[in-house]
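[1] What follows is a protein structure lacking sequence information:
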């Protein structure tokens, strides 16, 4: 079981094999067994297999090809709509139109998403997370017809893997893990922790191809720039207001 | 493997057996193999075993007894501190002091957390999520000495289970899952989806014990009240500002 988790790689190419509806159902049941806040199950999962809908979703995911190529696209949503409707029908005053409730349901949606991934991988499927979901939540809301108090948090493309890509590198564990309390990083710590990554042939080539001086510049200037991060921050905060989670 | 996931229950009581450091290390390595945004690995995990520190953390988790009783408490944090420091040391201009970056790293912290849970359960450990982390992030930041651009997102207590509690109920899958696009719930849908839960002896007793008329009122008036949700929303938004993720 640890072996399965340790073998994880993101799968961006899928064979033509479809996922049997019974299998999808089983994986979704398993995802919904995961922990959630107060057993309110305040999240929703929208699965999309229709080609037209996948084509509509693709631009929201920056036209990453797996959005169309994958047999199934799953959008995991923070959702206090259902719970709020239930409360209103039961003489109860729901108070879930706020940021803390958004955090609780976003957390639950993500726990369900990762449980789905591991379940899917255990039966031979491959998955890819699309981090574009919070960038273009507005467009996804319109396409999937998400009502107020529903916000998409992450998207998975799922299918049978076409090939086995190499595993990506990871920083040494001591970069991520702190014992007892947080020990902030000295200049020397940073140099040591990133040394192996920065000196790998793979990343040296990557820096060259991107015409940058350092690997960090590839991230700050190209992949995750301040300008984009700030633009998409404003956009997502507007979505939270429009969907009723922020005043 | 699906069996393991389907057997999941939250474990709130632990035996005295300690978790071997090598095993903890292995589980943390496995958690760090999970998907993350752009392979930036922008999150941190603080594990706490020291009794004094666990006692300090307990009030932040509303003195839930497992905070002290569990051999290990793990706090999963959104963290752009390390990555930002690396960028600054590499002539790169980091732009991660914004809400979209917070979302990306919070998502990654949660994917790692759930992977840790499943890894831990696969070797016979039991886990409990503490949803109090975003309520009292301020206090946790102070106790664990989290610097700017680090915010705790969720906490796990982990240990060897003392007893096997019953599994909690789940809504029917059609309450959570939508095919192709979101189908909003009619009054009748809500009645049907909550029918089994509301008519179970367990929840009837639960409503009586809480001296309420409906199950929904137990949530809105006692467990997750508007007043508390709004109070803790303001508190967490203040934390995001203070830690540098919101302007």
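    Looks like it came in fine. In this text, all values refer to a predicted model and were calculated from it rather than measured experimentally.

[2] mind checking the SS state of the nearest residue to residue A:167 once chain neighbours are set aside?
    Once flanking residues are discounted, residue A:167 sits nearest to residue A:9: 5.2 Å by Cβ to Cβ, 6 or more residues apart in numbering or on different chains. C-beta here means a position set from N, CA and C on the backbone, and glycine is covered the same way. Counting by DSSP: H, G, I helix; E, B strand; the rest coil, the backbone at residue A:9 sits in coil.

[3] how close does residue A:2 sit to residue A:33?
    Remark: distance between residue A:2 and residue A:33 (Cβ to Cβ, to the nearest Å) = 20 Å.

[4] Which of these two has more residues huddled nearby?
    Legend: neighbour count by other Cβ atoms under 10 Å in any protein chain shown for residue A:2 and residue A:33, higher for residue A:33 (19 against 15).

[5] mind listing what's buried in the helix or strand containing residue A:86?
    For residue A:86, the element it lies in under DSSP states H and E is helix A:81-88. Across helix A:81-88, burial judged by 16 or more other Cβ atoms under 10 Å in any protein chain shown covers A:81-87.

[6] ditto for stretch A:37-54
    Buried, per 16+ other Cβ under 10 Å, within stretch A:37-54: A:37, A:40-49, A:53-54.

[7] follow-up on the earlier one: now for the residue nearest to residue A:167, how many residues are close by?
    Neighbour tally, residue A:9, other Cβ under 10 Å: 17.

[8] is any part of stretch A:106-115 close to chain B?
    Yes. Using Cβ under 8 Å from any Cβ of the partner chain, stretch A:106-115 comes into contact with chain B via A:106-107, A:110-111, A:113-115.

[9] out of those, which are inside helices?
    Using DSSP state H, the subset of the residues of stretch A:106-115 next to chain B located in helices is A:106-107, A:110-111, A:113-115.

[10] shouldn't residue A:30 be in contact with residue A:114?
    No. Here residue A:30 lies out of contact with residue A:114, judged by Cβ atoms under 8 Å, at a distance of 11.7 Å.

[11] Give me the more crowded residue out of the two.
    Ranked by neighbour count (other Cβ under 10 Å), residue A:30 and residue A:114 place residue A:114 first, with 27 against 24.

[12] quick one, what contacts that one?
    By Cβ atoms under 8 Å, 6 or more residues apart in numbering or on different chains, the residues touching residue A:114 are B:34, B:110-111, B:114-115.

[13] how about a cut-off of 7 Å?
    With contact set as Cβ atoms under 7 Å, 6 or more residues apart in numbering or on different chains, residue A:114 has these partners: B:34, B:111, B:114-115.

[14] The longest strand seen in chain A vs helix A:81-88, what angle?
    Counting residues, the longest strand found in chain A (DSSP state E) is strand A:150-159. Counting by axes from the mean of the first three to the mean of the last three Cα atoms, to 10 degrees, strand A:150-159 lies at 140 degrees to helix A:81-88.

[15] follow-up on the earlier one: can you select the buried ones from the contacts of residue A:114 in PyMOL?
    In PyMOL, this line selects whichever of those come out buried by 16+ other Cβ under 10 Å:
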select buried, chain B and resi 34+111+114+115
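
[16] ok, so of the contacts of residue A:114, who is nearest chain A?
    Chain A has its nearest neighbour among the contacts of residue A:114 in residue B:114, at 4.0 Å by Cβ to the nearest Cβ.

[17] Same question for stretch A:109-129: list its buried residues.
    Neighbour counts over stretch A:109-129 (16+ other Cβ under 10 Å) mark A:109-122, A:125-129 as buried.
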